[in-house]
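Participant: quick one, what's the 3D model for this:
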Amino acid sequence: MDLAWSRRKEPPERSELRRPAGLWHRLVRAVRFRLIVPILRSRHSPEHTARGVMVGLVCACLPSPVGQMGIAIGAWVVARRLFNWDFSLIQGVAWTWTTNVFTAAPIYYFFFLTGQILLGRWDDLSGYGAFVQTFTTTMSNETGFVDTLLAVGKLIVLQWGFAMWVGSIPWAALLGWIGYRLSLRFVIAYRLARARRLEKRLASQQQAV
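Facilitator: Predicted coordinates for the structure are as follows:
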């Protein structure tokens, strides 16, 4: 009986692998599968992929109540129809997720602070604690998703809107440019390395024959 039970019992290492992953592990996994893997699997040119990353980061920096993914999709339609300029829609939508429920408060505060400085409002630099408290209180006071979205949108547009938009513009331009350059180099380097591995594999197979 004990022998049969021991055969059915899972090894300790396998049961440990099934334990819920920590927050950091889930974050790294989400970044890998939502942002990095689509870049590696893209069949388009490196420039096409890099432009998608650039647009996604620019849209992620825009404090819009309608949603950054909607802005990315709208930009894709307008760019193709009116300017004959194309980019990866998958990358554009995916990279808007860099601003999410976990990162929105500190990022929006940084935009607000930058905007206040650019506008010369040195006497009205709200502390981060007060900013986050107002942000989280607004979200917690609403019960439904639509109500929460409207409340946050009203807060962004009416109370912090102008300064936040002014502060987001230089960072959107900078992060978009950095995202384009880094993703372009990353895709080119990855494809060159993959081509070299394929050449070595084919050469070894020919030698074996």
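
Participant: what residues sit buried inside stretch 108-115?
Facilitator: By neighbour count with 16 or more other Cβ atoms under 10 Å, stretch 108-115 contains the buried residues 108-115. To be clear about C-beta, it is placed using only N, CA and C from the backbone, and glycine gets the same treatment.

Participant: what comes into contact with stretch 77-86?
Facilitator: For stretch 77-86, contacts defined as Cβ atoms under 8 Å, 6 or more residues apart in numbering pick out 48, 51, 87.

Participant: and that stretch, end to end?
Facilitator: 9 Å (Cα to Cα, to the nearest Å).

Participant: flag every buried residue along it.
Facilitator: Buried, per 16+ other Cβ under 10 Å, within stretch 77-86: Ala79.

Participant: now stretch 99-109
Facilitator: Quick answer for stretch 99-109 (16+ other Cβ under 10 Å): 99, 105, 107-109.

Participant: thinking again about what came up before, from the buried residues of stretch 108-115, pick the one nearest Asp123.
Facilitator: Asp123 lies nearest to Leu113 out of the buried residues of stretch 108-115, by Cβ to Cβ, at 13.2 Å.

Participant: which strand or helix spans the closest one?
Facilitator: Using DSSP states H and E, Leu113 falls within helix 104-118.

Participant: I'd like the average pLDDT over that helix.
Facilitator: What helix 104-118 shows for mean pLDDT is 85.

Participant: what about Gln68, how many neighbours?
Facilitator: 24 (other Cβ atoms under 10 Å).

Participant: distance of it from Tyr109?
Facilitator: 17 Å (Cβ to Cβ, to the nearest Å).

Participant: look up how far Leu174 lies from Leu57.
Facilitator: For Leu57 relative to Leu174 (Cβ to Cβ), the value is 9 Å.

Participant: those two - which one has more neighbours?
Facilitator: Higher neighbour count among Leu57 and Leu174: Leu57, with 28 against 13, using other Cβ under 10 Å.

Participant: how many residues are close by Arg26?
Facilitator: If we define neighbours as other Cβ under 10 Å, then Arg26 has 11 of them.
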